[in-house]
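Participant: build me a structure from this.
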Amino acid sequence: GGGGGGGNADASGSSDVNSSSFGSGTTRSSAPISVGRTSGSNVRSSVGGSGSDDDDAALSSERRVRAGYCTRCLRGKPDRTHHCRVLDSCILKMDHFCPWVGNTVGHYNYKYFFLFVNYTFVLCVYGMFMLAVTFPWDQIGKSRFFVPQPRAPLSPSSSMPVAAATTATTVAASAPPSLDDTIQVLVAAIIALTFGLSVLMLASYHWGLILKNRTTIEDSYRNDPWPYDLGRRENFEQVFGRKWWLWALPVHTTLGSGLAYPKRDDATV
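Facilitator: Residues are numbered from 1 along each chain as shown. Below you'll find the predicted structure:
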């Protein structure tokens with residue numbers, strides 16, 4: 001769910017592999033990019049020749065992509081923005097579509113998704129710990145079905161047991177676990193272990209992405225150095241913010257508006 005959903009980004013007309021994305025090391029303006037549709041006559045005048053209609057259309061499409069143009073939404077898009085085919089909309093700093101949360105993970109909710117994954121792993125560890133410390137391991141293999149159960153004494157004036165609740169509690173506490181109890185605990189442990197390991201791998205992968213300032217989609221790019229890699233601490237603060245006491249809380253602390261991102265000073269095309 002965390003890494004595989006990146007394929008939902010539209011590759012045609014929506015990727016940011018262009019010269020404008022990896023140009024100078026200065027930070028772009030925070031104003032949204034507005035790129036209009038380019039007509040054939042404008043293309044011909046800019047290249048100094050008439051050309052055919054097919055050539056004009058191809059060149060126009062290429063310029064739209066390079067200038068940050070989404071051919072699905074038919075409008076300009078900022079850097080690191082991709083078109084999500086599930087929502088049919090462009091998402092700022094899109095990472096992937098997550099079926100767990102039923103939404104596309106991007107600039108404004110990536111921190112929440114990442115915390116959700118880590119919280120889930122902590123819950124699995126807590127469940128495994130509670131199963132380990134509370135289960136009577138020395139009683140495994142002994143079934144309550146084969147242990148004689150004492151009867152509660154009856155009152156002389158009544159057919160109701162005396163201190164039935166207390167007696168039942170004492171018997172339940174001293175008796176070994178039943179076969180059903182053992183199976184239920186083992187099944188819960190297997191589920192917690194399997195799910196915990198899966199979530200741990202997903203969390204580890206996204207930890208690496210955060211420290212490199214990449215998304216799941218951008219992780220496939222082969223740009224070295226990555227123009228948005230500002231160092232591990234700065235990359236981490238781009239997602240979690242400057243206030244460390246809010247890092248573990250599900251509150252919005254992500255830096256920036258999602259329309260522009262700072263780049264390295266040595267960023268090249």
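Participant: give the contact list for the residue nearest to Lys212 when sequence neighbours are not counted.
Facilitator: Leaving aside its sequence neighbours, Lys212 sits nearest to Asp229 (C-beta to C-beta, 6 or more residues apart in numbering; 6.0 Å). All C-beta atoms are positioned from the backbone trio N, CA, C, and that covers glycine. Residues near Asp229 by C-beta atoms under 8 Å, 6 or more residues apart in numbering: Lys212, Asn213, Asn235, Arg264.
Participant: number of nearby residues for the second one?
Facilitator: Under the neighbour criterion other C-beta atoms under 10 Å, Asn213 is assigned a count of 23.
Participant: so how far is Leu193 from it?
Facilitator: 32 Å (C-beta to C-beta, to the nearest Å).
Participant: got the CA positions of stretch 242-255 in PDB?
Facilitator: What follows is stretch 242-255 as a C-alpha-only set of coordinates in PDB (Å, rounded to 0.1, in the frame of the first residue of the first chain):
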ATOM      1  CA  ARG A 242      11.200  22.800  12.900                       C
ATOM      2  CA  LYS A 243       9.300  22.200  16.200                       C
ATOM      3  CA  TRP A 244      10.600  18.800  17.500                       C
ATOM      4  CA  TRP A 245       7.800  18.500  20.100                       C
ATOM      5  CA  LEU A 246       5.200  18.300  17.300                       C
ATOM      6  CA  TRP A 247       7.000  15.700  15.300                       C
ATOM      7  CA  ALA A 248       5.200  12.700  16.800                       C
ATOM      8  CA  LEU A 249       1.800  14.400  16.800                       C
ATOM      9  CA  PRO A 250      -0.700  14.300  14.000                       C
ATOM     10  CA  VAL A 251      -0.700  18.000  13.400                       C
ATOM     11  CA  HIS A 252       0.300  19.800  10.200                       C
ATOM     12  CA  THR A 253       3.900  21.000  10.500                       C
ATOM     13  CA  THR A 254       5.200  20.400   7.000                       C
ATOM     14  CA  LEU A 255       7.100  23.300   5.600                       C
END
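Participant: which SS state does the nearest residue to Lys243 once chain neighbours are set aside fall under?
Facilitator: Nearest residue to Lys243 in three dimensions, chain neighbours excluded: Thr253, at 6.2 Å (C-beta to C-beta, 6+ apart). On the three-state scheme (DSSP: H, G, I helix; E, B strand; the rest coil), Thr253 is labelled coil.
Participant: and Thr253, what does it touch?
Facilitator: Lys111, Phe240, Gly241, Arg242, Lys243, Leu246, Trp247.
Participant: export these to JSON lines and tack on neighbour count?
Facilitator: Shown next, in JSON lines, are those (neighbours: other C-beta atoms under 10 Å):
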{"residue": "Lys111", "neighbour count": "22"}
{"residue": "Phe240", "neighbour count": "20"}
{"residue": "Gly241", "neighbour count": "16"}
{"residue": "Arg242", "neighbour count": "9"}
{"residue": "Lys243", "neighbour count": "11"}
{"residue": "Leu246", "neighbour count": "14"}
{"residue": "Trp247", "neighbour count": "16"}
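Participant: which single one of these is nearest to Asp219?
Facilitator: Nearest to Asp219 among the contacts of Thr253 is Lys111, at 18.0 Å by C-beta to C-beta.
Participant: I'd say the closest one and Thr254 touch.
Facilitator: Yes - with contact defined as C-beta atoms under 8 Å, Lys111 counts as touching Thr254 (5.6 Å).
Participant: between these two, which contacts overlap?
Facilitator: Val239, Phe240.
Participant: state the pLDDT value of Pro150.
Facilitator: Pro150 is assigned 56 on the pLDDT scale.
Participant: repeat for Asp53
Facilitator: Looking at Asp53, the pLDDT reads 51.
Participant: what's the neighbour count on Gly208?
Facilitator: 11.
Participant: dump the residue contacts of Ile91.
Facilitator: Thr81, His82, His83, Cys84, Thr104, Gly106, His107.
Participant: what's the spacing between it and Cys70?
Facilitator: From Ile91 to Cys70 the distance is 11 Å (C-beta to C-beta).
Participant: which residue comes closest to Leu255 once chain neighbours are left out?
Facilitator: Leu255 sits nearest to Gln238 (C-beta to C-beta, 6+ apart), 5.3 Å away.
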